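Asks: Predicted model and sequence below, questions to follow.
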2 protein chains.
Amino acid sequence: MRIAIIGTGVVGRTLAGALQRLGHDVVVGTRNPTETAKREEWATAHVPLRPLGTAAAGADLVVNATNGLASVAALGQVGSEHLAGKVLLDVANPLDFSQGFPPTLGVKDTDSLAEQIQRAFPEARVVKALNTVTASVMVNPAALGDGDTTIFAAGDDSEALQAVVGVLRELGWQDIVELDGLHNARGLEMWMGLWVRLMGALGKPDFNVKLVR
Amino acid sequence: MRIAIIGTGVVGRTLAGALQRLGHDVVVGTRNPTETAKREEWATAHVPLRPLGTAAAGADLVVNATNGLASVAALGQVGSEHLAGKVLLDVANPLDFSQGFPPTLGVKDTDSLAEQIQRAFPEARVVKALNTVTASVMVNPAALGDGDTTIFAAGDDSEALQAVVGVLRELGWQDIVELDGLHNARGLEMWMGLWVRLMGALGKPDFNVKLVR
């Protein structure tokens, strides 16, 4: 699959590397590829860096791995014409650290970042997933509980949801809970309220939950 | 232990029965014991019903099992003088169903019901716990995953927190995550945002998570 990762932080880099190793045709979109390429972590990465619009233009799947509070603006720079019809996997969290740690959610619980993105880019097919775990767990679920922990995916477009579920399976996820309707992203983002506090209590970000039902 | 349960809904009745079976001296506080006793579910219960203040006055542990949006008012009827110095276990969730299902949280994520209660009754020793699961699971963790799922407890007063942890162990909880600081109740209440949606997706409330770390 042709995949464009938007965002050059730890999440974007981790996903880009893992998806490339799975055999996908991965590019990373950034405002200024020349500048990004100078950063040590990207100088040693083997993923092509492309301007934002160019990266998304050739992709089947676009991944939003930008800072959640800046995602709508960043995707605006990608361009709605390059997102139209695409599966847009939103893995970001709208965490507001302006008052310190733990962060608050930058959206009220009658909305979600994923829905904001969907409203801003109505022709994209937005799916929320992977935002409930840290980057290293996203791409290596086997590292926790013999791989038997749970990941969630929410979306309005069932074909797009299934495309994302397929990618999750490739990454090694076995227990995937599909939530019908992008509004369920509110719950996935609210989970962060407990996640950040557990990270503080456990002293590490590499943990997850197994849904026992 | 002398335990007063405040609230006559499913949660209050379930906790009262279970704690009584464990050998505790349990009473249930209600505005009007005579009226409550006429309700079929209480007519057949073997737990003493007492006026709110009377119930709490003789208790070591007071459990808030009232509707979360009305908890501060209900505890006000219990009376701050009857809560002073007591361990106050808050199991309620401030769920606002006024816009239908799924409910929203009635508090912003810079606050929590547990902290509102603590501010309203500064001499009580508030601990948040058990709000993350449905009533039947609260008192019977063995029903899920061979009993190996996770429960959380948050509080400022370490002695009160340990008292609650003791009760959780008696109820059968083995994996108890203690969160130091009542502000962590924000995370425990925000979990409801995902919980209510999982209940919708699973079609049942009897589920929980195992924290895998």
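Replies: That came through fine. Predicted, not measured: the structure shown is a model, and the values here were computed from it.
Asks: Give me the helix or strand of chain A that scores worst on average pLDDT.
Replies: Across the helices and strands of chain A, mean confidence by mean pLDDT, DSSP states H and E is lowest for helix A:40-43: a mean of 92.
Asks: Only C-alpha atoms, please: export it in PDB.
Replies: Once side chains and other backbone atoms are set aside, the C-alpha atoms of helix A:40-43 remain, and they are given as PDB (Å, rounded to 0.1, in the frame of the first residue of the first chain):
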ATOM      1  CA  GLU A  40      20.000  13.200  13.200                       C
ATOM      2  CA  GLU A  41      17.100  10.800  13.500                       C
ATOM      3  CA  TRP A  42      16.000  11.400  10.000                       C
ATOM      4  CA  ALA A  43      19.500  11.400   8.500                       C
END
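Asks: next one: it to chain centre, how far?
Replies: The gap between where helix A:40-43 is centred and where its chain is centred comes out at 21 Å by Cα atoms, centre = their mean, to the nearest Å.
Asks: where do the helices sit along chain A?
Replies: Residue ranges of the helices in chain A, as given by DSSP state H, are A:10-21, A:33-38, A:40-43, A:52-57, A:71-78, A:80-83, A:113-120, A:135-138, A:158-170, A:185-202.
Asks: Go through the ones you listed and pick out the most buried.
Replies: Ranked by mean neighbour count, these are led by helix A:185-202 with a mean of 24 (mean count of other Cβ atoms under 10 Å in any protein chain shown). Where you see a C-beta, it was placed from the backbone N, CA and C, and this is true even at glycine.
Asks: So which elements touch it?
Replies: Contacts defined by 3 or more Cβ pairs under 8 Å, 6 or more residues apart in numbering or on different chains; DSSP states H and E place helix A:185-202 against strand A:104-105, helix A:113-120, strand A:125-129, strand A:150-155, strand B:175-180, helix B:185-202.
Asks: Identify the residues contacting the residue most central in space within chain A.
Replies: In chain A, the C-alpha closest to the average C-alpha coordinate belongs to residue A:91, at a distance of 1.9 Å (Cα atoms, centre = their mean). In this structure, residue A:91 makes contact with A:11, A:15, A:63-65, A:128-131, A:138, judged by Cβ atoms under 8 Å, 6 or more residues apart in numbering or on different chains.
Asks: do residue A:6 as well
Replies: Applying Cβ under 8 Å, 6+ apart to residue A:6 gives the contacts A:12, A:28-29, A:52, A:55-56, A:62-66, A:74-75, A:78.
Asks: give me that answer again for 6 Å
Replies: Under the criterion of Cβ atoms under 6 Å, 6 or more residues apart in numbering or on different chains, the contact partners of residue A:6 comprise A:29, A:64, A:66, A:78.
Asks: The closest residue to the first one other than its chain neighbours and chain B, how far apart?
Replies: Nearest residue to residue A:29, sequence neighbours excluded (Cβ to Cβ, 6 or more residues apart in numbering or on different chains): residue A:55, at 3.1 Å. If you measure residue A:55 against chain B using Cβ to the nearest Cβ, to the nearest Å, the figure is 32 Å.
Asks: Repeat that for residue A:166.
Replies: 20 Å.
Asks: next one: residue A:53
Replies: When distance is defined by Cβ to the nearest Cβ, residue A:53 is 34 Å away from chain B.
Asks: what do you get for residue A:28?
Replies: In this view, residue A:28 and chain B are 30 Å apart by Cβ to the nearest Cβ.
Asks: So for that residue, what's the nearest residue that isn't a sequence neighbour?
Replies: Here the residue nearest residue A:28, using Cβ to Cβ, 6+ apart, is residue A:5, at 4.8 Å.
Asks: tally of neighbours for that neighbour?
Replies: As a burial measure, residue A:5 scores 31 neighbours (other Cβ atoms under 10 Å in any protein chain shown).
Asks: tell me which residues form a beta bridge with it?
Replies: residue A:28, residue A:63 (DSSP bridges).
Asks: Verify the stated contact: it with residue A:17.
Replies: No - counting by Cβ atoms under 6 Å, no contact exists between residue A:5 and residue A:17, whose distance comes to 9.7 Å.
Asks: returning to what we had before: got phi/psi on the residue nearest to the centre of chain A?
Replies: Phi and psi for residue A:91, reported as degrees, to the nearest 10, are phi -110, psi 10.
Asks: Got the phi and psi for the closest residue in space to it that isn't next to it in sequence?
Replies: Leaving aside its sequence neighbours, residue A:91 sits nearest to residue A:130 (Cβ to Cβ, 6+ apart; 4.3 Å). According to degrees, to the nearest 10, the main-chain angles of residue A:130 amount to phi 70, psi -10.
Asks: Do you know the pLDDT at residue A:130?
Replies: Here, the pLDDT recorded for residue A:130 equals 98.
Asks: try residue A:177
Replies: For residue A:177, the model assigns a pLDDT of 98.
Asks: Surely it and residue A:153 touch.
Replies: No - here residue A:177 lies out of contact with residue A:153, judged by Cβ under 6 Å, at a distance of 7.4 Å.
Asks: quick one: which of these two has more around it?
Replies: When neighbours are counted by other Cβ under 10 Å, residue A:177 and residue A:153 differ, and residue A:153 comes out ahead with 24 against 17.
Asks: mind listing what that one touches?
Replies: Taking Cβ under 6 Å, 6+ apart as the definition of contact, the neighbours of residue A:153 are A:129, A:164-165, A:178.
Asks: at 8 Å instead, please
Replies: Counting by Cβ under 8 Å, 6+ apart, residue A:153 makes contact with A:127-129, A:161, A:164-165, A:168, A:176-179.
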